[in-house]
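Trainee: Any chance you could fold what I've pasted below:
(one chain, ligands or ions: 2)
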Amino acid sequence: MKIDDITLKIIPDSRSEKTLEVEMSLEGHKVVASVPSGKSKGSNEAFVLEPEEALEKFTEIKFNLFTRQFSTLEEFDNYLISLDNTPNKQNLGGNLILVLSLGFTKLLAASQNLEIYQLIAGIIGHKIQKLPLCFYNLIEGGVHAKNSLPFQEYLLVPQTVSPKFSLELAQKAIKILEGKKYQRYGKVTYGDEGGFTMPSDNPREGLELLQEVRSGIDTHSKLSLDVAASVLFKDGKYQIGEKLLDEKEMLSLYHNFASDFPLLSIEDPFQEDDWQGFEDIRRQLGSKVWVVGDDLTTTNPQRITQAYQKGAVNAVIIKPNQIGSVTETIKAATLAQKYGWKVIVSHRSGETMDTFIADLAVGLGADGLKSGCPLQKERLVKYQRLIEIEEML
Ligand code: PGA
Ligand code: ZN
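Mentor: Residues are numbered from 1 along each chain as shown. Ligands and ions are numbered 1, 2, ... in the order given. Below you'll find the predicted structure:
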């Protein structure tokens, strides 16, 4: 397959920050793809190039992409990875490589008359049998919200594999939450992912509020947390409001939360190099909750293998832009599945209207899709794409 045309441009993301969008065409097929960006990032993530600099790099490599034949996605991605020739994509940038990789994936699917999820399922030889659970980030804190809770995300996870029914429940929950927030605080404020913020430094209060909301919609729904603990870590302790907690105190907090609330998962409960913390929580709570690696594992097969060897997690977040190409994303996810872990495909806090991750979650047979709060359009479109896929299946 030889690409006819590629145009790269800079667009604003959901935080009005600059990011990359590509348009690629081949024999009458035209596709558009764009890349998100994170704020609470793991230090092992792929390098992000300034968008202006990425445009310059693209001009240098553009000719090579037109003149070569690529028969598979892996061939295309490997070619870009070899052009970059650095361990963390410092030369071409993970954002530039990924946007091209996403474009090529979509072009490949279009040229074969396949949906993107079908193409991905085909690459890994997966037969689609289920749709992922939706993880809705309804209350925000951490670095994604001003004057809010120390933990980054409080999520509602309806226990239905119908994305349509799931979204209906989430929208009901949002209405209730909005009312409660207005009643309590006289105004409603939002975080980066469209979820509500809450002026409290007590992490328990987010769970209590979500628990109240849950009782108003359906009592089968579960709750999840993304602590994003790396950003709380200062001088060997975790800063929770005014308090500084050590690893043991954090662990006992999680024990309490897991026994007092219907908790499905806890993401990044410890900072990204606290292997001992992860190992302890996985051992003590792993039979009850999903212990999820995000900043810990960064969609990187090496970090995932390390986490497996240490018994650090039993679930993982998969974000294409942490590793910087679709092929490597697929490898990371299938490796985690081989280890028997739960897989949650995720957006970033700075998002675009691209819905690729919904297809990725379905194609991989992932257990979850985390795409923020459906009040923000960049988040909603991913859940809507799942519904579209549900209707096709
Ligand atoms: P980020 O946060 O996109 O700002 O890194 C999302 C997450 O931690 O899951
Ligand atoms: Zn996270």
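Trainee: Does anything pack onto the longest helix that the chain contains? Which helices or strands?
Mentor: Identified as the longest helix of the chain according to DSSP state H is helix 163-185. Where contact means 3 or more CB pairs under 8 Å, 6 or more residues apart in numbering; DSSP states H and E, helix 163-185 is packed against strand 133-140, strand 153-157, strand 196-197, helix 203-217, helix 377-392. Using the backbone N, CA and C atoms, a C-beta is placed for each residue, glycine as well.
Trainee: now with 6 Å?
Mentor: strand 133-140, helix 203-217, helix 377-392 (3 or more CB pairs under 6 Å, 6 or more residues apart in numbering; DSSP states H and E).
Trainee: Smallest distance to ligand 2 belongs to which residue of this structure?
Mentor: Here the chain gets closest to ligand 2 at one residue, residue 294, 3.6 Å apart by CB to the ion.
Trainee: I'd like to know if the host helix or strand of residue 343 reaches ligand 2 anywhere along the stretch.
Mentor: In the assignment (DSSP states H and E), residue 343 maps to strand 342-346. No - taking CB under 5 Å from the ion as the criterion, strand 342-346 and ligand 2 are apart, separated by no less than 7.2 Å.
Trainee: Identify all contacting residues around the very next helix or strand once past that strand.
Mentor: Next in sequence after strand 342-346, counting helices and strands by DSSP H and E, comes helix 356-364. For helix 356-364, the external contacting residues (CB atoms under 6 Å, 6 or more residues apart in numbering) are 102, 116-117, 120-121, 132, 333, 345, 347, 369, 382, 385-386, 389.
Trainee: model confidence over helix 356-364, on average?
Mentor: Averaged across helix 356-364, pLDDT comes to 98.
Trainee: the inter-axis angle of it versus helix 377-392?
Mentor: Relative orientation of helix 356-364 and helix 377-392, computed by axes from the mean of the first three to the mean of the last three CA atoms, to 10 degrees: 30 degrees.
Trainee: Offset the numbering so it begins at 756, please.
Mentor: In the new numbering, first residue 756, that becomes helix 1111-1119.
Trainee: can you give me the offset of helix 1111-1119 from its chain's centre?
Mentor: Offset of helix 1111-1119 from its chain centre (CA atoms, centre = their mean, to the nearest Å): 11 Å.
Trainee: Identify each buried residue in it, please.
Mentor: Neighbour counts over helix 1111-1119 (16 or more other CB atoms under 10 Å) mark 1111-1119 as buried.
Trainee: same deal with stretch 955-975?
Mentor: 955-956, 958, 960-962, 964-965, 968-969, 972.
Trainee: do you know how far the nearest residue to residue 1041 once chain neighbours are set aside is from ligand 1?
Mentor: Spatial nearest neighbour of residue 1041, excluding adjacent residues (CB to CB, 6 or more residues apart in numbering): residue 1069 at 5.0 Å. Separation of residue 1069 from ligand 1 (CB to the nearest ligand atom, to the nearest Å): 17 Å.
Trainee: One more: residue 1051?
Mentor: 11 Å.
Trainee: What is the burial count for that residue?
Mentor: Number of residues near residue 1051 (other CB atoms under 10 Å) recorded here: 32.
Trainee: can you pull the contacts of it?
Mentor: Contact partners of residue 1051, counting by CB under 6 Å, 6+ apart, are residue 1027.
Trainee: cool, residue 1071 as well?
Mentor: Counted by CB under 6 Å, 6+ apart, residue 1071 has contacts 1048, 1052, 1091, 1096.
Trainee: Please name the nearest non-neighbouring residue to the first one.
Mentor: Closest residue in space to residue 1048, ignoring its immediate chain neighbours: residue 1068 at 4.2 Å, by CB to CB, 6+ apart.
Trainee: Of the helices and strands packed on helix 918-940, which is nearest ligand 1?
Mentor: Closest approach to ligand 1 among the helices and strands packed on helix 918-940 (CB to the nearest ligand atom): strand 888-895, 8.6 Å.
Trainee: Pairing partners for that closest one, with directions?
Mentor: strand 908-912 (antiparallel), strand 951-952 (parallel), strand 1123-1125 (parallel) (DSSP bridges).
Trainee: Including mean pLDDT, could those strands go into CSV?
Mentor: CSV is the format used below for those (pLDDT from 0 to 100):
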stretch, mean pLDDT
strand 908-912, 98
strand 951-952, 97
strand 1123-1125, 98
